[in-house]
Structure formats: C-alpha cells, structure tokens
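Q: Below: sequence and its predicted model.
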Amino acid sequence: MVVIGAGFAGASVAAALTRAGVASGLILERELLPGSHASGRNAAMARQLEADPVLRKLAIEGVQRLRAKTVAGSPVLRQSGGLYLTHGEPHPAAEWCAQLHEQCVPAELLSAVKARQRFPFLNRFEFDYALFCPTDGIVDIHALLSDLLAEARRAGFEIITDCACESLIVDGSVVRGVRTPRGEVSARIVVDAAGAWAGCVGRESAPLPLKRLRRHLFVCGDAGLFPRDAPLVWDLDVGYYVRPEGEGLLLCPCDETEHPPDIPEVDPEAEDLLVDKLLKYAPGLANITLRRSWACLRTFAPDRLPIIGWDPDIDGLFHVSGLGGFGVTTSLAIGDVASTLFCGGVVDWIEVSSFSAGRGALRSVPQCNN
Ligand SMILES: Cc1cc2nc3c(=O)[nH]c(=O)nc-3n(C[C@H](O)[C@H](O)[C@H](O)COP(=O)(O)OP(=O)(O)OC[C@H]3O[C@@H](n4cnc5c(N)ncnc54)[C@H](O)[C@@H]3O)c2cc1C
C-alpha cells in the first residue's frame with residue numbers, strides 16, 4: 001500500500017490502519033518535512049460548533065479522541081474553551097447551543113454583559129452574545145502529527161520524504177502502483193491524502209472537484225491583551241478569530257480566495273481586511289503590531305464535507321481529502337472512519353455515505369490546476 005501525503009490525512013489514516021492490523025506500507029511525502037503545508041501552517045484550534053450536523057458529529061468525535069490523547073505524557077489538546085461571538089438576535093446562537101447539548105457537548109449562551117463579567121478580556125470586542133464551549137481548545141499540532149507518523153513507522157510503515165508521487169500506474173481501471181522520480185513502486189492500494197493536490201493523481205481526466213481557498217494568519221507579540229490560557233474567540237457573524245499565541249495573539253480575518261495548489265504568497269489586502277474588522281468589531285485590539293503572517297490553503301469539496309472512501313471508478317484507489325478548515329479537529333475521527341471503511345467494516349456512529357467519493361456533490365465541473 002502507498003499513502004500519498006504525510007499531513008494529518010495521510011498520518012491519521014496510516015496510524016489507524018496499523019491499529020486495525022495493517023502492518024506495512026509506504027508513505028510518500030513530496031516535501032523534505034511532513035506538515036510543510038496545511039497540517040503545519042494552521043491555527044491549531046479544535047472546534048465542535050459546526051453548522052452541518054454530520055460535520056458537527058465528526059468534530060465532536062474528533063475532539064473526544066484528541067482529549068484522550070497524550071504524547072510523551074502531555075495532553076495534545078489544551079482545553080482552553082471557545083467563545084463564539086454573535087451580533088443581533090440571540091436565536092441562532094441559542095439553537096447552536098441546543099444542538100451541542102443534544103450531543104452532550106457542554107455549551108452556554110451568555111449575554112455580552114455576563115460574558116464580559118466572566119471573561120474581562122472580552123471588553124476589547126463588540127458583540128451581543130457569546131456561546132461558550134468549554135471543551136474546545138488548542139492542539140499541539142506538531143506533537144500530534146509526529147506521534148501519528150511515529151505510530152505508523154513503528155508498526156511497519158516506511159516514510160519517504162522528498163519523494164513525490166508523479167502518477168498512478170493503472171492497468172485498465174485497476175491500481176498497480178505509483179511512479180516517483182526514484183522509480184516505480186508496486187502497490188495494489190493507493191491512498192490519496194495529498195491535501196491541496198488530492199483528487200488529481202490518477203484522475204487526470206476527471207479530477208475531484210476540490211476547491212483550494214487561501215487563508216492568512218497573523219501573529220502579534222503584544223503581551224497582556226489576553227490571559228495566556230484564555231479561550232479562543234471567533235466572531236461568527238463578522239468572520240475573524242483571535243487566540244493566545246505565546247505572549248501575544250494569533251489572528252485570522254477568515255479570508256477565502258481561490259488559489260491553485262501551492263504555498264501561496266501573502267497578499268497585503270488580507271492585513272487590510274483584518275485591520276478593518278478589528279477597528280470595527282474589536283476596537284480594543286486596534287493598536288496591536290502585527291509581526292508575522294503567512295498564508296496557506298484549505299481544500300474543500302463542493303458540499304464542504306470530507307471525502308473518505310474508495311474511488312468509484314478506479315479499483316484500489318482510496319481517498320482521504322477535502323479536510324477544509326476542520327482537519328486538525330477531526331483528524332483522529334477521520335483516521336478511524338477511513339481505516340474501518342478501508343478494512344470493509346461498518347461505521348455505525350456517523351452517516352458515512354455523506355463522505356463517499358462517488359456522492360452526487362462531487363459530480364460537478366472538475367478543476368485541477370497543478
Ligand atoms: C490557515 C489555516 C488555518 C487552519 N486552521 C485550522 C484549525 O484551527 N483547526 C482545524 O481543525 N483545521 C484547521 N485548518 C485545516 C487543516 O490544517 C487541514 O484540514 C489539514 O491540515 C489538511 O491535512 P491534509 O493532510 O489533508 O493536507 P496537507 O497538510 O496539505 O498534507 C498533504 C501532504 O501531501 C503532500 N503531497 C501532495 N501531493 C503529493 C504527491 N504527489 N506526492 C507526495 N506527496 C504529496 C503535500 O506535500 C502535503 O504535505 C486550517 C487550515 C489553514 C490553511
């Protein structure tokens with residue numbers, strides 16, 4: 001078996017497969033270091049509040065698994081909590097609160113006054129309601145990714161970095177292996193976990209219709225604006241988030257611009273967008289000094305659900321892609337779903353047909369710009 005990509009998709013699937021008894025395989029990673037793209041350049045937040053019920057279930061299960069996971073004795077999830085700000089009427093947030101309760105996730109809807117009493121740093125923000133989700137938090141993404149890859153390696157997977165899969169070797173419609181710059185590798189099964197590049201290899205004539213959306217993150221070093229263990233803050237109506245990062249903050253304007261698969265350049269307009277939103281909705285952060293920024297791609301299927309399962313046309317090709325903006329949160333749950341489907345088992349806790357590579361939502365106009 002060959003897994004293409006050593007990000008959270010490839011690593012979590014390989015690790016889960018070893019737990020299911022699949023004891024050998026090859027993980028091919030084009031870059032020198034695993035996690036060079038989205039898996040190492042994200043905001044590291046674990047958030048259970050998702051509008052889509054299937055995705056919400058996946059996120060809740062993902063967070064449960066993250067909560068139970070330690071690496072070298074330390075928890076990978078720091079449960080700082082999440083505060084989701086809204087403007088105007090309370091009902092959308094009240095409904096989300098009820099949806100989380102239905103799935104036994106603690107959540108509390110607070111008026112702005114109550115929220116500021118409890119979390120005084122919220123004085124820096126303009127909002128009407130805050131939905132507090134205490135079991136959300138921040139993931140040690142580097143520890144988690146390294147641990148998943150180490151788990152796969154210990155069980156017999158080999159990880160080869162600086163080695164791209166150039167194309168799939170397909171006989172008729174059956175996978176026979178992959179081509180790399182170092183030669184051909186025979187394999188009866190190939191897992192496409194190539195992140196922004198997923199859905200292209202092997203499906204050149206009908207690539208999966210994935211969209212890659214660029215998003216920017218910023219870091220400010222100004223100390224003392226938030227307590228270091230403060231919850232992440234996400235304004236769902238305006239679209240921006242802020243969380244503690246070291247002494248300072250990590251901030252995002254929630255920008256979305258289509259981009260071909262690559263490491264995107266930083267666009268100065270993203271900083272303008274962030275500053276504009278902060279001036280209007282977080283005036284208490286208007287004077288911060290942004291020190292560092294980067295951009296990276298989130299990869300989405302048209303319905304914004306992940307793609308997990310066998311290819312409908314190519315025998316032996318398995319997909320784990322379209323992890324959008326939830327690939328950290330859901331990584332461990334996705335690994336379990338993928339390995340169960342891979343091994344022919346039944347997943348009874350979530351509607352897996354929603355993730356099928358043959359679902360209707362994926363039969364739209366293909367795009368593959370690499
Ligand atoms: C700015 C930003 C913020 C985010 N914040 C969060 C967050 O707070 N919480 C959350 O849950 N999620 C977040 N995400 C989403 C999360 O980072 C992704 O969903 C997740 O990392 C995707 O993992 P992946 O393995 O699919 O992709 P990647 O991490 O991109 O991994 C794919 C790997 O495949 C390799 N590859 C590609 N093609 C080939 C080939 N042909 N041969 C060999 N190797 C190949 C690539 O080099 C890459 O290393 C964020 C994403 C971004 C961009």
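A: The structure has been received and is ready for your questions.

Q: okay, now the one residue in the stretch 1-150 of the chain that gets nearest to the ligand: neighbour count?
A: For the stretch 1-150 of the chain, the residue closest to the ligand is Gly7, as judged by Cβ to the nearest ligand atom, at 2.2 Å. Every residue, glycine included, has its C-beta placed from N, CA and C. For Gly7, the tally of surrounding residues (other Cβ atoms under 10 Å) stands at 28.

Q: Touching, it and Gly195? I think so.
A: Yes. With contacts counted by Cβ atoms under 8 Å, Gly7 reaches Gly195, the gap being 5.1 Å.

Q: Could you break this protein into its assigned domains?
A: Listed by automatic domain parsing, the domain ranges of the chain are 2-42+141-208+302-362, 82-134+211-298.

Q: Model confidence for the most far-flung residue of the chain relative to its centre, exactly?
A: Distance to the chain centre peaks in the chain at Gly172, reaching 34.1 Å (criterion: Cα atoms, centre = their mean). You'll see Gly172 listed with a pLDDT of 92.

Q: picking that back up, please identify every residue contacting each of Gly7 and Gly195.
A: 37-39 (Cβ atoms under 8 Å, 6 or more residues apart in numbering).

Q: Dump the residues you listed into TSV; add distance to the ligand as well.
A: Compiled in TSV, these are given as follows (distance: Cβ to the nearest ligand atom, whole Å):
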residue	distance to the ligand
His37	3
Ala38	4
Ser39	3
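
Q: Find the nearest non-adjacent residue to the residue in the stretch 201-350 of the chain that the ligand sits nearest to, please.
A: Closest approach of the stretch 201-350 of the chain to the ligand (Cβ to the nearest ligand atom) occurs at Gly327, with a separation of 2.1 Å. Using Cβ to Cβ, 6 or more residues apart in numbering and skipping the chain neighbours, the partner closest in space to Gly327 is Phe8 (4.9 Å).

Q: so what's that neighbour up against?
A: Taking Cβ under 8 Å, 6+ apart, we find Phe8 in contact with 38-39, 144-145, 148, 323, 327-328, 331, 334.

Q: and the stretch 51-200 of the chain, which of its residues are near the ligand?
A: 164-165, 193-197 (Cβ under 6 Å from any ligand atom).

Q: mind redoing it with 8 Å?
A: 59, 62, 139, 141, 163-166, 180, 193-198, 200 (Cβ under 8 Å from any ligand atom).
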